[in-house]
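> Predicted structure and sequence below. I'll ask about it afterward.
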Amino acid sequence: MTYTNNSPTSCQLLDLGSGKYSIQPRYPLAAIDGLTCSFTANQTGNTSYLAATPVTQSITFLRQSTRVNVIAPNSVPISGAFLLANVSSTEGRVSSWSKGITFASSTPSVCTALEYTEEDSRGPRVTIRPKSNGVCTVNIAFAGTGDMKPSNASWSFTFAGLTIPAPGASAPQTIDFPALVDRSLGRSQPLLANASSGLPITYTSLTPNICIVLYPSTGPAVQTALNVSETANLTCTIRASQSGDDRFAPATSVERSFKYAKAPMVLVVENAASLTGAQSQAVVTRVRLVDNVAMSGLTSLGHLLTVQNLTPTICRVDSHGLWDRTGGIVNRTYVTVLATGTCSLKFDFAGTKDREATTLTWNATARR
């Protein structure tokens, strides 16, 4: 049996082997409500049988019906709240879709639906902000895809008892921008300014060669810029601004500064402070950030230390290098006791562009 694909631009026939075939549409799928594919089965016959009359069959692929799932806030303060949505199939598909979703306020005199982002893991979102008392209605639409049908939903919320300036009032507003604290290079910190109007804050780095502003789903933050030059102290300055709207005048911008410094480090020797016997023994040293949270669960960072034997008559350093073990890369120093006394080893970390230099002298009781 052979098969003829009568719709080669729309469908394809896959040979699964052992006389089995699979029919599927060609990708990418066009966003249409149905896709019809036609195939003809042929049998040319042989010395015993005449050729059979070809048989043509068609199959129509239908897009799945969908539902817009709205994740709504319980309350909406004047500063705004997130409204999220995603799309799921109503025909058994487990996963949800989070592209091609739009939000629009059908009551723009009552509320706005702005600041669209797809960075939230729950689905796209906008920020709902009140403009006056009344019923706020937001229409949410999914445009559909090649295998999922469009769908729509709406969300409403009633604002009451709000004291909001009328359009054209040019009401004054102020910015409250909490102080920023000094940070180790590479560490971010959130930007938590608020406008008394509840309007969104715009942040600008006045020192972009030192720090930049990021907008993750958790909220704006300041982060060390890439390729920061190595220096003892770096000052980052961030400006918070609010340009106003049809009700509020622009606010006076507020600037906050803080310093970046190299991250403090610490060296930790795992061994007990004793060496016994004539065999070479391993001394394991971990290189760590003082900030344990910044270690992200690692026990040691992979920096090679330098080691100096301060008591060469008591002990001998046979070898020294890195050891990649579960949980982190440590320094491993093999030492042999030469005589009874105190074996002193000095470990030094030279530092990096963003990590401070540090040193440790380890004293161990040596018994031959």
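Perfect, thanks for sending it.
> show me what contacts the closest residue to Lys346 other than its chain neighbours?
In space, and not counting its chain neighbours, Lys346 is closest to Gln308: 4.3 Å by C-beta to C-beta, 6 or more residues apart in numbering. Every residue, glycine included, has its C-beta placed from N, CA and C. Shown in contact with Gln308 (C-beta atoms under 8 Å, 6 or more residues apart in numbering): 345-346, 348.
> try Ala52
By C-beta under 8 Å, 6+ apart, the contact list for Ala52 reads 42-43, 45.
> coming back round to it: nearest to Ser170, of the contacts of Gln308?
Comparing the contacts of Gln308 against Ser170 with C-beta to C-beta picks out Asp348 as the nearest, at 62.9 Å.
> For that closest one, give the beta-bridge partners.
For Asp348, the beta-bridge partners are Thr306, Thr359 (DSSP bridges).
> What's the local residue count around it?
Neighbours of Asp348 under the rule other C-beta atoms under 10 Å: 15.
> One more: Phe347?
Residues near Phe347, counting by other C-beta under 10 Å, number 22.
> what about it, distance to Met265?
Noted for Phe347: a distance of 11 Å to Met265, by C-beta to C-beta, to the nearest Å.
> Based on its surroundings, how many neighbours for the residue nearest to Ala225 when sequence neighbours are not counted?
Excluding the flanking residues, the one nearest Ala225 by C-beta to C-beta, 6+ apart is Ile212, at 5.1 Å. A total of 18 residues lie near Ile212 under the criterion other C-beta under 10 Å.
> What of Ile128?
Using other C-beta under 10 Å, Ile128 has 24 other residues around it.
> Tell me the bridge partners for it.
Following DSSP bridges, Ile128 is listed with bridge partners Ala81, Ala113.
> Isn't it up against Cys136?
Yes - using C-beta atoms under 8 Å as the test, Ile128 is close enough to Cys136 to be in contact (6.8 Å).
> Next, show the common contact partners of the two.
Contacts common to Ile128 and Cys136, judged by C-beta under 8 Å, 6+ apart, are 76, 111, 157.
> from memory the last one sits against Val76, does it?
Spelled out, it's Phe157. Yes - using C-beta under 8 Å as the test, Phe157 is close enough to Val76 to be in contact (5.8 Å).
> Now do the shared contacts for those two.
Taking C-beta under 8 Å, 6+ apart as the criterion, Phe157 and Val76 both touch 111, 128, 136.
> which stretches of the stretch 51-200 of the chain have low pLDDT?
93-97 (pLDDT under 70).
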